[in-house]
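K.L.:
Okay, sequence plus prediction incoming.
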Amino acid sequence: MLDTRVDTALETAVEVTGLRFAYPDGVEALRGVNLRVRRGEKVALLGPNGAGKSTLLLHLNGILRGKGQVRIAGVLLRPDNLAQVRAQVGLVFENPDDQLFSPTVLEDVAYGPLYMGLSHEDVLERARRALAQVGMTGFEERSPHHLSLGQKKRIAIATVLSMDPAILALDEPTASLDPGARRELIHLLRELPQTMIVSTHDIPLVRDLLPRTLVMDGGVIVADGETQAILSDSALLAAHGLDVY
């Protein structure tokens with residue numbers, strides 16, 4: 001098992017303690033999740049459908065609020081500091097259409113910085129820098145809804161990079177991409193410096209990009225370790241409905 005203890009809170013990007021959450025229909029999606037992620041770590045979140053992976057990601061910036069504690073860079077997430085925490089955690093949804101709603105790409109990417117109270121010049125600088133990071137310079141005046149899925153996913157990532165987050169939480173980033181777009185996205189994610197938590201069913205992505213792997217099932221973390229060791233444990237993967245490689 002990977003030793004996830006840290007010496008100081010400054011080394012900890014994400015700390016989740018005793019997190020529980022039930023949906024209004026009574027389904028208990030999280031049943032006491034404990035997790036600590038160091039700054040700069042890139043972590044995979046594996047598990048079958050319904051394991052609680054997306055629900056966990058939605059707690060990291062307060063979209064969902066369960067029982068227990070979530071700390072981001074040592075700061076306890078509370079109703080009165082949601083804006084502060086959300087500026088630190090960039091959440092990228094599986095479907096980019098859930099994140100893109102403006103007439104142009106530039107307006108979508110500038111939306112977050114605009115509401116941070118920055119000057120017009122700073123907003124444009126952040127938006128253009130984020131587009132450059134994802135290789136989408138020149139698309140500023142395009143309609144996001146007329147782009148390919150791979151391009152939309154890049155723009156969705158740019159919308160959170162423009163906020164300059166310390167942490168990226170990505171839900172199924174390679175889902176439905178063709179092989180070329182998938183390779184491009186993996187290359188992009190490899191180059192980004194942020195702490196990263198990636199919920200995915202893409203085992204090759206996990207193997208190639210994410211050194212640490214968590215396995216969730218039934219609303220709890222059932223395994224936590226080095227990716228190579230986790231992916232070599234065929235019995236563990238099979239027991240939790242994951243493809244064996």
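P.N.:
Yep, it's here. Residues are numbered from 1 along each chain as shown.
K.L.:
how close does Ala29 sit to Asp98?
P.N.:
Applying C-beta to C-beta, to the nearest Å, the value for Ala29 to Asp98 is 19 Å. Glycine gets a C-beta too; all of them are placed from N, C-alpha and C.
K.L.:
For the two, indicate the residue with more neighbours.
P.N.:
Of the pair Ala29 and Asp98, Ala29 is the one with more neighbours under other C-beta atoms under 10 Å, namely 22 against 11.
K.L.:
wait, isn't the more buried one in contact with Thr55?
P.N.:
Yes. Using C-beta atoms under 8 Å, Ala29 is in contact with Thr55, at 4.2 Å.
K.L.:
Please report phi then psi for the residue nearest the centre of the chain.
P.N.:
Geometric centre of the chain, nearest residue: Ala169, 1.2 Å, by C-alpha atoms, centre = their mean. Main-chain dihedrals, Ala169, degrees, to the nearest 10: phi -120, psi 110.
K.L.:
Let me see the contact set for it.
P.N.:
57, 60-61, 89-92, 196-199 (C-beta atoms under 8 Å, 6 or more residues apart in numbering).
K.L.:
biggest separation within those, which pair?
P.N.:
Asn61 and Val198 (15.4 Å; C-beta to C-beta).
K.L.:
So the two - more neighbours on which side?
P.N.:
Val198 (26 against 23).
K.L.:
from the chain's centre, how far out does the lowest-mean-pLDDT helix or strand in the chain sit?
P.N.:
Within the chain, no helix or strand scores below helix 82-86, which has a mean of 88 by mean pLDDT, DSSP states H and E. Put simply, helix 82-86 sits 15 Å off its chain's centre (C-alpha atoms, centre = their mean, to the nearest Å).
K.L.:
still on that earlier bit, need the overlap of contacts for Ala29 and Thr55.
P.N.:
Counting by C-beta under 8 Å, 6+ apart, the residues touching both Ala29 and Thr55 are 21, 219.
K.L.:
what's the distance between the residue nearest to Leu19 when sequence neighbours are not counted and Ala169?
P.N.:
Leaving aside its chain neighbours, Leu19 sits nearest to Gly68 (3.7 Å; criterion: C-beta to C-beta, 6 or more residues apart in numbering). Going from Gly68 to Ala169 by C-beta to C-beta gives 17 Å.
K.L.:
next one: Thr12
P.N.:
On the measure of C-beta to C-beta, Thr12 and Ala169 end up 15 Å apart.
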